[in-house]
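J.: sequence and predicted model, in that order:
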Amino acid sequence: MNKLQAMEVFVQVVDAGGFTRAADNMKLPKATVSTLVQSLEASLAVKLLNRTTRHVSVTADGAAYYERCLRILSDVREAEESLSRTRLSPSGRLRVDAPTGLASEVIVPALPDFFSRYPDIQLELGCSDRPVDLIEEGVDCAVRGGALGDSSLIARRVGILHFITGAAPSYLARYGRPTHPNDLLRHRCVNYFSARTGKIYDWDFTREGERVQVALPGHVALNDSNAYIAAGVAGLGIVQMANFMMEPMINDGHFESILDDWISDPLPIHVVYPQNRHLSAKVRVFVEWVAELFSNHPGMRLQKSAARAPSLEVAI
């Protein structure tokens with residue numbers, strides 16, 4: 001038995017909550033994963049996991065051993081990378097998840113630069129507006145916009161999203177142009193709802209100390225950025241989108257901006273990753289690359305007052 005491999009498999013089983021998901025994440029046969037854990041238990045003469053047909057849980061001894069395994073595996077990886085960092089570029093599979101709009105409009109067009117720097121990384125980029133479970137789905141890190149609520153993750157702030165309110169020319173020709181946020185109550189708006197909770201997001205506006213936050217009427221609500229854009233272009237209602245998505249479409253004539261003297265609350269952008277994982281070289285270089293990419297993007301760079309934020313990593 002390869003003891004380090006068995007320890008790594010055991011950690012994966014605990015994190016994933018079962019043998020099948022752990023095997024999928026590690027791209028190993030389920031029988032191999034089960035055999036390695038059984039061999040590890042036999043060598044230790046300790047039961048690490050309680051198994052039923054539907055559930056796997058950690059014993060008290062297993063929980064203590066799990067914490068030691070995390071530290072040992074982290075030390076081994078750090079030692080290996082410290083020796084190879086000066087002569088080898090980061091390599092291997094890197095699984096990342098990002099919101100659809102950010103991925104298609106900002107990250108993917110810049111990937112030639114990433115691969116010119118790190119040609120030995122095999123990137124798997126999941127594009128979805130659905131917040132993924134990093135541990136369960138085997139994701140190394142994720143780019144997320146907005147408030148963060150998962151206390152098991154480390155978050156690094158890398159940018160900020162600003163928003164523009166607008167509508168298709170066909171909509172404005174039919175329904176007119178609002179001049180105050182309260183006018184939106186008499187309009188049709190395309191709403192966006194959380195893929196996780198189903199909650200429809202309110203719209204907020206601020207101007208010279210006046211603040212307006214409203215739940216707006218709409219005939220359609222969506223939870224995918226591509227569908228949201230399509231609804232706005234079709235004239236289904238007024239939309240509110242990040243400026244990096246809206247500005248090119250204003251320039252192309254698909255939208256006209258409205259309420260230009262009102263500011264909507266910006267949202268922070270973070271890269272998140274599990275706090276019980278050693279930050280491998282490939283994850284580290286991707287995080288640094290994304291931070292640099294966003295810092296050079298006029299629509300997402302952090303304000304001077306938050307200039308130190310990209311260097312901070314905090315548990316959330």
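T.: Received it, and whenever you're ready, just let me know what you need.

J.: mind listing what the helix or strand harbouring residue 165 pairs with, with the direction of each?
T.: For residue 165, the host element (DSSP states H and E) is strand 163-167. Sheet pairing of strand 163-167 (DSSP bridges) gives strand 239-242 (antiparallel), strand 256-257 (antiparallel).

J.: in JSON lines, list those along with mean neighbour count.
T.: Every residue, glycine included, has its C-beta placed from N, CA and C. Shown next, in JSON lines, are those (neighbours: other CB atoms under 10 Å):
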{"stretch": "strand 239-242", "mean neighbour count": "24"}
{"stretch": "strand 256-257", "mean neighbour count": "14"}
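
J.: redo the ones you listed as a markdown table? Include mean pLDDT and distance to residue 70.
T.: Below are the strands paired with strand 163-167 laid out as a markdown table (pLDDT from 0 to 100; distance: least, CB to CB, whole Å):
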| stretch | mean pLDDT | distance to residue 70 |
| --- | --- | --- |
| strand 239-242 | 91 | 37 |
| strand 256-257 | 94 | 50 |
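
J.: in a markdown table: those, plus distance to residue 141.
T.: Formatted as a markdown table, the strands paired with strand 163-167 follow (distance: least, CB to CB, whole Å):
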| stretch | distance to residue 141 |
| --- | --- |
| strand 239-242 | 21 |
| strand 256-257 | 34 |
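
J.: wait, which of those is closest to residue 120?
T.: When these are compared by CB to CB, strand 239-242 sits nearest residue 120, at 32.4 Å.

J.: hmm, who's touching that closest one?
T.: Applying CB atoms under 8 Å, 6 or more residues apart in numbering, the external contacts of strand 239-242 come out as 101, 145, 161-167, 189-190, 203, 225, 228-229, 231-232, 255, 264, 299.

J.: what of stretch 175-191?
T.: Around stretch 175-191, the neighbours that count as contacts under CB under 8 Å, 6+ apart are 171, 200-201, 203, 205, 212, 214, 216-222, 228, 231-232, 236-239, 258-259, 262.

J.: change it to 6 Å
T.: By CB atoms under 6 Å, 6 or more residues apart in numbering, the surrounding residues in contact with stretch 175-191 are 200, 205, 212, 216, 218-221, 231-232, 236-239, 258.

J.: give me the buried subset of these.
T.: Using 16 or more other CB atoms under 10 Å as the burial test, those include 205, 216, 218, 231, 232, 236, 237, 238, 239, 258 as buried.

J.: the first one contacts residue 212, doesn't it?
T.: Yes - Residue 205 is in contact with residue 212 according to CB atoms under 6 Å; the separation is 4.7 Å.

J.: who are the packing partners of the helix or strand harbouring residue 268?
T.: Assigned by DSSP H and E, residue 268 belongs to strand 267-274. Applying 3 or more CB pairs under 6 Å, 6 or more residues apart in numbering; DSSP states H and E, one finds that strand 267-274 contacts strand 141-145, strand 153-161.

J.: which one of the ones you listed lies nearest to residue 93?
T.: Closest to residue 93 of the helices and strands packed on strand 267-274 is strand 141-145 (CB to CB; 12.8 Å).

J.: relative to strand 267-274, how tilted is that closest one?
T.: With axes from the mean of the first three to the mean of the last three CA atoms, to 10 degrees applied, the angle from strand 141-145 to strand 267-274 works out at 160 degrees.

J.: now strand 141-145 against strand 153-161, angle please.
T.: Going by the same axes, to 10 degrees, strand 141-145 makes 40 degrees with strand 153-161.

J.: what strands flank strand 141-145, and is each parallel or antiparallel?
T.: Strand pairing (DSSP bridges) places strand 141-145 next to strand 92-98 (parallel), strand 267-274 (antiparallel).
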